[in-house]
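1. Fold the following.
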Amino acid sequence: MNAHTETCLLTQAQLLDLSFMEHRAHLLAIAAFLDRLERAKGAGDAVEDFRLGALRGALHELVSPQPGRVMRAQMRLSDQDLTLLDLRDSQSAHGAPQRSEGPHSLDSEAEQ
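-> This next block holds a predicted model:
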């Protein structure tokens, strides 16, 4: 049994009544973004982009029947590599791990 079962004070019907339209809009916004990206100039340029790969991985986690979707999705969008860089790469965040290979990446965990 999931440790967080029945920790929400609302019933599932109440939660759907309260939040469905908000999340429907978020989902459609993501779908529109992906469609716009596909139609953008330079189609195919972003196929290997680390942000798009992380976003697709996070979306995959959302449709999983297993609990803990938010943690897994966030981990897909977070840099798990704790090794130090030789040089600082950037001052700003990218919203997705640029270093896909490393001892703590999700890909390396899947291989183990």
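2. Hmm, residue 64 and residue 73 touching each other?
-> No: look at residue 73 against residue 64 with Cβ atoms under 8 Å: they stay out of range, at 9.3 Å. For the C-beta atoms, the positions are set from N, CA and C on the backbone; glycine is no exception.
3. Those two: who's more crowded?
-> Neighbours per residue, other Cβ atoms under 10 Å: of residue 73 and residue 64, the larger number sits with residue 73, 19 against 11.
4. where's the residue nearest to residue 40 when sequence neighbours are not counted relative to residue 37, distance?
-> In this structure, residue 40 finds its nearest non-sequential neighbour in residue 46, 8.0 Å apart by Cβ to Cβ, 6 or more residues apart in numbering. The gap separating residue 46 from residue 37 is 6 Å, by Cβ to Cβ, to the nearest Å.
5. so how many other residues sit close to the residue nearest to residue 40?
-> 14.
6. same question, residue 49
-> Neighbour number of residue 49 under other Cβ under 10 Å is 13.
7. repeat for residue 34
-> Around residue 34 there are 14 residues (other Cβ under 10 Å).
8. May I ask which helix or strand encompasses it?
-> Assigned by DSSP states H and E, residue 34 falls within helix 12-39.
9. just residue 51 next, same as before
-> Assigned by DSSP H and E, residue 51 falls in helix 50-62.
10. Residue 67 now?
-> Per DSSP H and E, there is no helix or strand for residue 67.
11. quick one, phi psi at residue 11?
-> Per-residue torsions, residue 11: phi -80, psi 170 (degrees, to the nearest 10).
12. tell me the pLDDT at it?
-> We have a pLDDT of 93 for residue 11.
13. Then residue 75?
-> 93.
14. Can you read off the backbone torsions of it?
-> Dihedral angles (degrees, to the nearest 10) for residue 75: phi -70, psi -30.
15. what number of residues lie near it?
-> Around residue 75 there are 20 residues (other Cβ under 10 Å).
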